[in-house]
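Student: This is the structure alone, sequence omitted:
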C-alpha cells in the first residue's frame with residue numbers, strides 16, 4: 001500500500017522539495033538545450049566536451065571555499081543568492097540567442113559562471129536538508145529529493161526537444177530563468193532554519209577550516225570510498241554531452257526524439273527512487289551500492305552498442321535506475337555519518353568528485369569521440385566503470401561489508 005513518505009510531513013522540507021521539482025525541470029531543459037545548441041553551431045564532438053571543461057574548472061576552484069562558507073553562513077540565505085544568480089545567467093543566454101549574437105564562447109563563459117553559482121549552491125542545499133528533517137527521516141528525504149530531481153529531469157529534456165522544435169532555442173533559456181522562482185518562493189515561505197555551529201571560534205572561510213573538512217573525509221573510509229567510486233565511474237561512463245551526436249549521427253533522430261532520449265536516464269532514476277521511497281530501510285547498503293554501479297557500467301556498454309531508438313532508450317532507463325540507487329545510498333551514508341557543523345565542507349569535497357568526474361569525463365568522451373567515434377567512446381567508458389568497481393571493492397573491503405545500521409556520527413541529527 002502506497003503511503004505518504006515521512007519526510008514530506010515536514011513542512012519546510014516539503015516546500016523545498018516542491019520548489020526543486022519545478023526548478024530542476026527548467027535547469028535540465030537548459031542543459032540538454034545547450035548540448036543541442038552547440039551541435040547546431042558546430043559538428044565537432046570536441047566542442048561538446050568544452051562544456052564539461054567549462055563546468056569543471058569553477059567546481060574545482062570554488063567548491064572547498066563554498067563548503068567552508070556553508071558551515072558558518074546561513075545556508076538558506078546562500079541559496080537565495082545562488083538561485084538568483086542562475087536565473088540571471090539563464091536570462092543572458094536567452095537574450096543573446098534571441099538577438100542571434102550567441103557564439104560557442106558565450107555559451108562556455110556563461111556555463112562557467114553558472115557552474116560557479118552551483119559550486120556554492122550545492123553545499124548549502126545538501127547541508128540544509130538534514131536541518132529540515134530528523135535523522136530517522138533522512139534516507140527518505142534523500143530518496144524524495146532524488147524523485148524531485150528525476151521528475152524535473154524527465155520533464156526538462158522532453159520539453160527541451162518540443163520547445164526547440166515549436167518555439168525555438170531561446171525559449172528554453174527563458175523558461176528556465178523563471179523556473180528558479182519556485183525555489184526562491186519556497187525559501188521565503190519556509191522561514192528561518194537553525195543549524196549547528198562549529199565548536200570554538202573560526203573565521204568564516206579559512207585554510208584551517210578547509211583542511212579540517214578534508215581531514216575528516218580522509219579519516220572516514222566509507223565516505224571516501226564512495227566518493228572515489230563516484231568520481232571514477234562517472235568519469236568513464238559520462239557521455240551525456242555526446243547525446244546529440246549519437247541521436248543525430250548514429251540513430252538519425254530529430255529534436256523531439258533527442259529530448260526523450262535525454263530524459264531516459266531520469267525516467268529510470270525516478271522509478272527507482274519511488275521504489276526506494278516506499279522502503280522502510282535498505283539493508284546491505286554497501287553491496288547494493290556496488291551492484292548498482294556494476295549495472296550502471298553494463299547498461300552504458302549496452303547504450304553504446306544500441307542502434308535503435310527503443311533499445312537506446314531502454315539502456316538509458318536502466319542507467320538512470322542504477323545511478324539513482326547508488327546516489328540515494330551514498331548521499332545517505334555521507335550525511336548520516338557527518339556532524340552538522342562540517343556538512344558543508346564534506347559536501348564541497350564530495351562536489352569535486354560528484355561533479356568533477358562527469359564533467360572531466362565529458363571532456364574525455366568528446367576527445368575520444370573526435371578520434372574514434374561516439375560508440376567507441378561510450379562502450380570503452382562502460383568497461384572502465386566496471387574495472388573501477390572491482391578495484392575499489394578490493395581496496396576498501398569495509399565498503400562491501402557496510403550494512404547501514406552502523407553508529408551515526410555525533411551531532412549529525414537535524415538541528
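Tutor: Received the coordinates, thanks. Remember, predicted model here, so these are calculated numbers, not experimental data.
Student: What is the helix or strand that contains residue 370 packed up against?
Tutor: Here residue 370, judged by DSSP states H and E, is contained in helix 343-372. Contacts defined by 3 or more CB pairs under 8 Å, 6 or more residues apart in numbering; DSSP states H and E place helix 343-372 against helix 45-72, helix 104-128, helix 207-218, helix 221-237, helix 309-336, helix 374-395. From N, CA and C alone the C-beta is placed, and that goes for glycine too.
Student: With respect to residue 189, which of those helices lies nearest?
Tutor: Nearest of the helices and strands packed on helix 343-372 to residue 189, taken as CB to CB: helix 104-128 at 14.4 Å.
Student: The closest one relative to helix 45-72, how many degrees between them?
Tutor: Inter-element angle recorded for helix 104-128 and helix 45-72: 30 degrees (by axes from the mean of the first three to the mean of the last three CA atoms, to 10 degrees).
Student: Test my guess that residue 283 contacts residue 139.
Tutor: No: in this structure, residue 283 is not within contact of residue 139 by CB atoms under 8 Å, at 12.0 Å.
Student: Looking at the two, which one has more neighbours?
Tutor: Between residue 283 and residue 139, residue 139 has the larger neighbour count (other CB atoms under 10 Å), namely 27 against 10.
Student: Next, the buried residues of the one helix or strand the more buried one maps to.
Tutor: Assigned by DSSP H and E, residue 139 belongs to helix 138-166. Along helix 138-166, these residues count as buried under the neighbour rule (16 or more other CB atoms under 10 Å): 138-161, 163-164.
Student: same thing with stretch 311-323?
Tutor: Applying 16+ other CB under 10 Å to stretch 311-323 flags 312, 313, 314, 315, 316, 317, 318, 319, 320, 321, 322, 323 as buried.
Student: Count the neighbours of the closest residue in space to residue 246 that isn't next to it in sequence for me.
Tutor: Of all residues not flanking residue 246 in the chain, residue 374 sits nearest, at 5.1 Å (CB to CB, 6 or more residues apart in numbering). With neighbours defined by other CB under 10 Å, the count for residue 374 comes to 25.
Student: Check residue 276 too.
Tutor: Residue 276: 21 neighbours (other CB under 10 Å).
Student: OK, contacts around it?
Tutor: For residue 276, the contact set (CB atoms under 8 Å, 6 or more residues apart in numbering) comprises 143, 146, 282, 324, 325, 328.
Student: And the average pLDDT for stretch 394-414 is what?
Tutor: Averaged across stretch 394-414, pLDDT comes to 65.
Student: and if you look at stretch 7-20?
Tutor: The pLDDT scores in stretch 7-20 average 88.
Student: just stretch 335-348 next, same as before
Tutor: Per-residue scores along stretch 335-348 average to 76.
Student: and if you look at stretch 370-383?
Tutor: Mean per-residue pLDDT for stretch 370-383: 84.
Student: contact partners of it?
Tutor: Identification of contacts with stretch 370-383 by CB under 8 Å, 6+ apart yields 44-46, 49, 236-239, 242, 245-246, 249-250, 297-305, 361, 364-366, 368-369.
Student: do that again at 7 Å, thanks
Tutor: Stretch 370-383 is contacted by residues 44-46, 236-237, 239, 242, 245-246, 250, 297-298, 300-301, 303-305, 365, 368-369 when judged by CB atoms under 7 Å, 6 or more residues apart in numbering.
Student: Show the contacting residues for the closest residue to residue 116 other than its chain neighbours.
Tutor: Closest residue to residue 116 apart from its sequence neighbours, by CB to CB, 6+ apart: residue 58 at 4.0 Å. Residue 58 is in contact with 112, 115, 116, 119, counting by CB under 7 Å, 6+ apart.
Student: is it possible to export these to a markdown table including distance to residue 266, pLDDT and neighbour count?
Tutor: Output for these, formatted as a markdown table (distance: CB to CB, whole Å; pLDDT from 0 to 100; neighbours: other CB atoms under 10 Å):
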| residue | distance to residue 266 | pLDDT | neighbour count |
| --- | --- | --- | --- |
| 112 | 25 | 92 | 19 |
| 115 | 20 | 89 | 23 |
| 116 | 25 | 92 | 22 |
| 119 | 23 | 87 | 25 |
